[in-house]
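Participant: My questions are about this predicted structure, shown below with the sequence.
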Amino acid sequence: MRPSLTPRLLKHLADMRRLSFDMTTAEVVNGLQERGVRVLLLKGPVLEAWLYPDGGRSYGDIDLIVSPDHFGQAEVALADFGFGMCLAGARAAELDPQERSWRRARTSLWICTAPSRA
């Protein structure tokens, strides 16, 4: 018999999901920094803690910005961390040269390059 999803249980499940995202975020950001990739975390736990201290908003993916000079290096690192690129079979012309979506298990991660200083 399936247990009922009480408000307390739903909050517990949301907290566990958020913790999973936070752990993956820490793993990826630390791993990228160890490889010399400059990275900026966008949204997620950073903004939730700042703008919604009472937990009024959750997040469902990880958004990162990396230096254009480190974009390729970041992609290699994500593959090394077990992420697979969404649309991996797409032709280069079909992909945005400045952003990619990646996925590992139930975690989605999006990286883009910072605008170049032209």
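Facilitator: That came through, no problem. Numbers count the residues shown, from 1 in each chain.
Participant: and the longest helix for this structure?
Facilitator: helix 7-34 (DSSP state H).
Participant: Spatially nearest residue to S101, not counting backbone neighbours?
Facilitator: Closest residue in space to S101, ignoring its immediate chain neighbours: C86 at 4.1 Å, by Cβ to Cβ, 6 or more residues apart in numbering. All C-beta spots, glycine's among them, are computed from the backbone N, C-alpha and C.
Participant: Show the average pLDDT along whichever helix or strand A49 is part of.
Facilitator: Using DSSP states H and E, A49 maps to helix 44-51. For helix 44-51, mean pLDDT is 68.
Participant: Can you give me every residue that contacts L95?
Facilitator: L87 (Cβ atoms under 8 Å, 6 or more residues apart in numbering).
Participant: If we use 10 Å, what do you get?
Facilitator: Contact partners of L95, counting by Cβ atoms under 10 Å, 6 or more residues apart in numbering, are 85, 87-88.
Participant: same question, M23
Facilitator: T107.
Participant: what do you get for V28?
Facilitator: Neighbour list for V28: 37, 39, 41, 62, 64, 74, 77-78, 81, 83, 102, 104, 107, 109, 111 [criterion: Cβ under 10 Å, 6+ apart].
Participant: could you redo the last one with a cut-off of 7 Å?
Facilitator: 62, 81, 109 (Cβ atoms under 7 Å, 6 or more residues apart in numbering).
Participant: Tell me how many other residues surround the residue nearest to S101.
Facilitator: Look at C86: counted by other Cβ atoms under 10 Å, it has 13 neighbours.
Participant: Local confidence estimate at it?
Facilitator: Value for C86, per-residue pLDDT: 82.
Participant: wouldn't it be in contact with R103 here?
Facilitator: Yes. With contacts counted by Cβ atoms under 7 Å, C86 reaches R103, the gap being 5.8 Å.
Participant: related to what we said a few turns ago, top of the contacts of L95 by number of neighbours, please.
Facilitator: M85 (17 neighbours).
Participant: do you know how far that one is from H12?
Facilitator: Between M85 and H12 the distance, using Cβ to Cβ, to the nearest Å, works out to 33 Å.
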